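Peer 1: take a look and give me a structure for this.
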Amino acid sequence: MDIDCEASAVTGVAVVAQHLASHRSEVTATWCRLEGRRTGGSGGGGMGVHPAEILRRAVGGAQLLAGVQLASRVLTFALNVALARTMSDPSALGVAAVQLYLLDTLVLTLAREGVRRTGLRVAEEGTKGHLGASRDLLNLAWWAVGAGLVLTVPFCLYFGWSVDPVALGGVDEREYRHAVGVMGVAIVLELLSEPLFVAAQAQLEYRARSLIEGLAVFFRCVVQFLGVMAFNLNLIAFAYGYVAYAGCLLACYVVFFLRRGVDLIELMPSDGFRIADRNLVTLASDLSFQQVWKLLLQEGEKMVMMTFRMAATDQAIYSLVFNLGSLVVRFVFLPVEESAYATYGKLNDIAQRQGSSGKTEISLLSLVAVMTRVMSLIGMVFVTFGPSYSHLLLHLLYGNKWSNEFEAAPTLGVYCMFVGVVAVNGITEAFVHAVGDQADVRMFNGWLFLFSAVHLGTSVALFDLGAIGLILANCISMSLRIVVSVRFISTWQDPSNHARLGSFMSLFPRIGTLVAFFVVRQVVIASEAHLYRQFASWFAAAAHVAVGGACLLGLALTSVVLLERDLVQQVSALRRVLASAPKTA
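Peer 2: Now for the predicted structure:
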């Protein structure tokens with residue numbers, strides 16, 4: 001999945017901001033020297049940024065990037081809903097979401113992602129006086145452009161001529177190859193903007209980056225929507241959308257630097273593309289190599305879908321269900337995981353500094369137990385109610401075609417089970433990464449590598465089940481990750497009191513709660529079969545919703561009053577501790 005990737009940019013901004021705050025005096029001296037070096041000692045104008053502005057932009061950059069991610073996701077989701085309701089044949093949606101997306105992601109990630117991550121490292125080193133990094137990094141970015149141009153041709157040829165016409169569904173083979181050619185143009189345009197992106201990132205221009213990327217997403221959505229709705233371009237419209245996105249990025253970055261009074265010649269390669277700092281090349285090479293493994297983790301399912309020629313309709317169902325279901329993961333679970341990660345790490349640092357002599361009002365083990373139980377209960381809500389209300393949700397959003405004619409409803413129902421697994425996995429893995437030492441994290445990464453192989457293997461084994469099989473493969477690999485994380489939590493020793501969790505059962509709801517959820521599950525299944533009957537009428541749908549609402553309310557009251565009373569008391573105690581904590585400036 002790509003959720004972690006989306007948060008990485010925001011996390012990177014936070015890291016730089018924290019680093020800058022801890023080296024304020026060095027930031028001042030270095031940026032003054034950098035500005036004087038660029039302007040020939042004049043000390044002003046151009047791209048110079050005052051140190052206070054650097055701190056302000058770095059801190060605010062995380063919020064801006066998060067806002068852009070939210071806006072782009074909402075806009076893309078709205079576009080997908082409109083297109084899915086309008087297009088008679090979903091084949092173009094599936095091919096665009098898998099083949100075209102995979103082509104774009106493979107080339108760009110392999111060519112530039114290592115350089116982008118290297119640029120973030122260089123930005124941190126630059127605050128310590130690494131003056132040669134700026135020119136070397138620009139040349140390195142141009143090397144990434146060259147690498148991307150080299151990769152674009154063979155990848156486009158492979159994607160264009162290795163496709164099975166059966167997997168294209170209603171998409172014409174000539175139209176598909178035309179779209180692949182247009183994608184090649186889009187990739188080249190986006191690669192040409194990379195040196196400008198690196199220069200902006202080195203100047204910590206996160207506000208400009210946020211606005212430019214948001215505008216590019218808007219233009220992509222507009223072009224795709226008009227191409228399908230107004231000009232009936234089908235698959236080509238999605239390829240033109242990528243071109244609009246890439247062209248907007250390039251044009252906006254050019255305008256941005258021109259308005260800052262920068263001569264674009266300064267951003268061109270120099271010294272014959274020579275990079276003086278060989279360590280920079282080594283770091284970029286290592287980080288680029290890591291992207292191969294990450295691509296397998298994040299895009300392995302799409303590679304399996306293309307390699308084994310999944311039908312275009314199944315690809316469309318996969319894309320629609322994941323775009324819909326992952327909204328909960330991105331906007332509900334991801335913020336909780338990030339907050340938990342920060343809280344776990346902070347409390348662990350305090351406990352290690354104070355040792356057994358210190359007094360902590362919040363036990364780290366108690367906190368992780370409470371948060372895991374709460375997230376388990378939230379996940380169980382999706383598992384219990386999701387499958388019985390997937391048809392209704394699809395019918396309301398996408399219409400009768402998607403809810404009845406395709407297998408989208410049962411696929412979304414299975415995805416709701418996957419959401420339940422994700423709810424537990426995120427909160428437990430956050431604990432491992434926050435409190436584990438280097439050996440623990442290295443061992444956990446080894447397990448992740450093994451589970452990625454298991455994931456690919458199960459994806460292939462369950463391929464005949466279509467999109468449902470791929471989701472089940474995700475559930476299996478995610479469950480294995482939970483087992484490893486829970487084992488770590490159960491054996492971890494709190495440095496403040498040397499206590500251990502003991503039984504892993506304290507991380508999950510009580511048996512009585514599980515029984516209550518099981519009973520409710522049977523009730524909503526019966527309501528779906530005998531009352532709702534695949535949207536028999538608006539009255540039937542309303543009655544089905546009423547049954548679900550009554551069951552959810554009864555389940556909540558039963559859990560609070562009887563079954564999970566100790567959990568409610570623990571949550572109340574934590575809230576009192578947090579409310580009484582002194583406010584720090």
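
Peer 1: only C-alpha atoms from now on, for both contacts and neighbour counts.
Peer 2: OK.

Peer 1: so where's the stretch 201-350 of the chain uncertain?
Peer 2: 204, 290 (pLDDT under 70).

Peer 1: can you show me the helices along it?
Peer 2: 206-229, 235-259, 278-307, 312-328, 334-354 (DSSP state H, counting those that start in this stretch).

Peer 1: the third one to helix 312-328, inter-axis angle?
Peer 2: Between helix 278-307 and helix 312-328, the angle formed by their directions is 130 degrees, by axes from the mean of the first three to the mean of the last three C-alpha atoms, to 10 degrees.

Peer 1: quick revisit: out of the helices of the stretch 201-350 of the chain, flag the one nearest Leu75.
Peer 2: When those are compared by C-alpha to C-alpha, helix 206-229 sits nearest Leu75, at 7.5 Å.

Peer 1: nearest residue to Val435 other than its sequence neighbours?
Peer 2: Nearest residue to Val435 in three dimensions, chain neighbours excluded: Gly345, at 5.8 Å (C-alpha to C-alpha, 6 or more residues apart in numbering).

Peer 1: tally of neighbours for the one you found?
Peer 2: 19 (other C-alpha atoms under 10 Å).

Peer 1: separation between it and Ala430?
Peer 2: Distance, Gly345 to Ala430, by C-alpha to C-alpha, to the nearest Å: 9 Å.

Peer 1: then Asn139?
Peer 2: Asn139 is 37 Å from Ala430, by C-alpha to C-alpha.

Peer 1: now swap in Phe418 and tell me
Peer 2: Using C-alpha to C-alpha, we find Phe418 at a distance of 18 Å from Ala430.

Peer 1: just Pro269 next, same as before
Peer 2: Counting by C-alpha to C-alpha - Pro269 and Ala430 are separated by 41 Å.

Peer 1: ok, back up a step: how about the helices of the stretch 201-350 of the chain in JSON lines, adding distance to Ile525?
Peer 2: Conversion of these to JSON lines gives the following (distance: least, C-alpha to C-alpha, whole Å):
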{"stretch": "helix 206-229", "distance to Ile525": "38"}
{"stretch": "helix 235-259", "distance to Ile525": "38"}
{"stretch": "helix 278-307", "distance to Ile525": "30"}
{"stretch": "helix 312-328", "distance to Ile525": "20"}
{"stretch": "helix 334-354", "distance to Ile525": "30"}
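
Peer 1: strands of the chain, residue ranges please.
Peer 2: Assigned by DSSP state E, the chain shows no strands.

Peer 1: show me where pLDDT drops low in it?
Peer 2: 1-67, 69, 120-133, 204, 290, 354-362, 496-498, 577-585.

Peer 1: follow-up on the earlier one: can you tell which of the helices of the stretch 201-350 of the chain is closest to Leu514?
Peer 2: Closest among these, using C-alpha to C-alpha: helix 312-328, at 22.3 Å.

Peer 1: one step back: which one's more surrounded, Pro269 and Ala430?
Peer 2: The neighbour comparison of Pro269 against Ala430 (other C-alpha under 10 Å) goes to Ala430, with 23 against 19.

Peer 1: the more buried one and Val383, how far apart?
Peer 2: 22 Å.

Peer 1: now Val414
Peer 2: The separation that Val414 has from Val383, given C-alpha to C-alpha, amounts to 8 Å.

Peer 1: over to Ala312?
Peer 2: 28 Å.

Peer 1: who has more neighbours, those two?
Peer 2: Ala312 (29 against 22).

Peer 1: which residues does the more buried one contact?
Peer 2: Neighbouring residues of Ala312 by C-alpha atoms under 8 Å, 6 or more residues apart in numbering: Pro90, Ser91, Ala92, Gly94, Val95, Ala167, Leu168, Gly169.

Peer 1: again, 7 Å this time
Peer 2: Residues near Ala312 by C-alpha atoms under 7 Å, 6 or more residues apart in numbering: Ser91, Gly94, Val95, Ala167, Leu168, Gly169.

Peer 1: select only the buried ones of these in PyMOL?
Peer 2: Buried subset of the contacts of Ala312, written as a PyMOL selection, criterion 16 or more other C-alpha atoms under 10 Å:
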select buried, resi 91+94+95+167+168+169
